[in-house]
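**Q** sharing a model prediction with you, sequence too.
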Amino acid sequence: MNPVSQTGRYVLITPCRDEAQYARRCIESVLAQSVTPALWVVVDDGSSDETPAILAEYAAKHPWIKVVRREDRGKRAVGPGVVDAFYAGMETIRPEDFEFLCKFDLDLDLPKKYFEILIRRMAENPRLGTCSGKPYFEDGDRLVSEKCGDEMSVGMTKFYRVTCFQEIGGFVREVMWDGIDCHRCRMLGWVACSWDDPNLRFVHLRPMGSSQKSIFTGRMRHGFGQYFMGTDLLYMSVSAVFRLAHPPLVVGGLAMWWGYVKSALEGKPRYPDLAFRKFLNTYQHRCLLVGKSRATAELDASAAERSVKLR
């Protein structure tokens, strides 16, 4: 049974590759939801482990789970590769058939009322465009927060109002796609956020990179992503200094900064929407002056006031 009413119909689109270690736990947590998806499209992006067999097993039992298989490209791809796989799933649906859609990873364990709560909060606030709970990872018997900002929906489970997703133009096929989307939401008057509510905390099952090389590479990639998005050197430098005191100590912040500067020196392309980049810089400079929470609240209040005047 798939207990979801016409109001609040949502579709999950899941890019995945070699997730056999986590897939069953993730799928079971979706099956246990108080409001399950109207449709779940899982895009197997060339897995070479037992992921295809696990997906086929569950799809045979639940007709609302659909599996799309892509050819093996030979390696896991982050950033644009994930977005490409996501759009391979999008091509199989009619977005207008749903009220909400969610880009959803296959390495998560959700609390039982996760989607029910998100749908309710969307209904309570018609300006809420994208939202999520907060990711935690398991450290023995305790859960540790991944420390994601309240002003973003998190990349591993981005729950969207379909009308908002269409208005912002969907996801950019580049690193920092999961930051650009939320900033575009605010630019167009929507609210983007995540909540550290105990009923919305989920477990991120895939361990974060633990080797020095993978962490360094990841931070370098983040620096390039900030450059591509349009962040200026001042904001990037302040962010990098802030990161010096967070694991991996010193190296993480330096790698972020060098990833940004190296991209600038090489003249790599930037996100071509100049109006977006101007909006982003204004917002980021305000964040430096008053903090992210206040800067975001000011933007949301201003957008709400404009919305009232237009009625």
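**A** Received the coordinates, thanks.
**Q** in which helix or strand would I find residue 215?
**A** helix 212-229 (DSSP states H and E).
**Q** tell me the mean pLDDT for whichever helix or strand comes after that helix?
**A** Under the assignment DSSP H and E, the closest C-terminal helix or strand after helix 212-229 is helix 233-243. Throughout helix 233-243, pLDDT has a mean value of 94.
**Q** can you pull the buried residues of the host helix or strand of residue 28?
**A** Element membership of residue 28, judged by DSSP H and E, is helix 20-31. Buried residues in helix 20-31, counted by 16 or more other Cβ atoms under 10 Å: 20, 22, 23, 26, 27, 29, 30. (Glycine included, C-beta is placed from N, CA and C.)
**Q** before we move on, what about stretch 228-248?
**A** 228, 229, 230, 231, 235, 236, 239, 240, 243, 248.
**Q** likewise stretch 186-195?
**A** Buried residues in stretch 186-195, defined by neighbour count with 16+ other Cβ under 10 Å: 186, 187, 189, 190, 191, 192, 193, 194, 195.
**Q** could you check the pLDDT of the second one?
**A** Each residue has a pLDDT score; the one for residue 187 is 96.
**Q** sec struct for the closest residue to it other than its chain neighbours, please.
**A** Excluding its sequence neighbours, the residue lying closest to residue 187 (Cβ to Cβ, 6 or more residues apart in numbering) is residue 279, at 4.7 Å. Three-state call for residue 279 (DSSP: H, G, I helix; E, B strand; the rest coil): helix.
**Q** my read: residue 279 touches residue 188, true?
**A** No. At 9.7 Å, residue 279 does not count as touching residue 188 under the criterion of Cβ atoms under 8 Å.
**Q** from residue 282, how far off is residue 95?
**A** Residue 95 sits at a distance of 31 Å from residue 282 (criterion: Cβ to Cβ, to the nearest Å).
**Q** if we can go back for a sec, of the buried residues of stretch 186-195, which is the nearest to residue 86?
**A** residue 192 (17.8 Å; Cβ to Cβ).
**Q** okay, helices next: where are they in the stretch 51-200 of the chain?
**A** 51-61, 80-90, 114-124, 162-168, 177-187 (DSSP state H, counting those that start in this stretch).
**Q** what sits up against the first one?
**A** Where contact means Cβ atoms under 8 Å, 6 or more residues apart in numbering, the residues beyond helix 51-61 that reach it are 16-20, 23-24, 27, 42, 44, 65-67, 69, 106.
**Q** starting at the chain centroid, how far to that helix?
**A** 25 Å (Cα atoms, centre = their mean, to the nearest Å).
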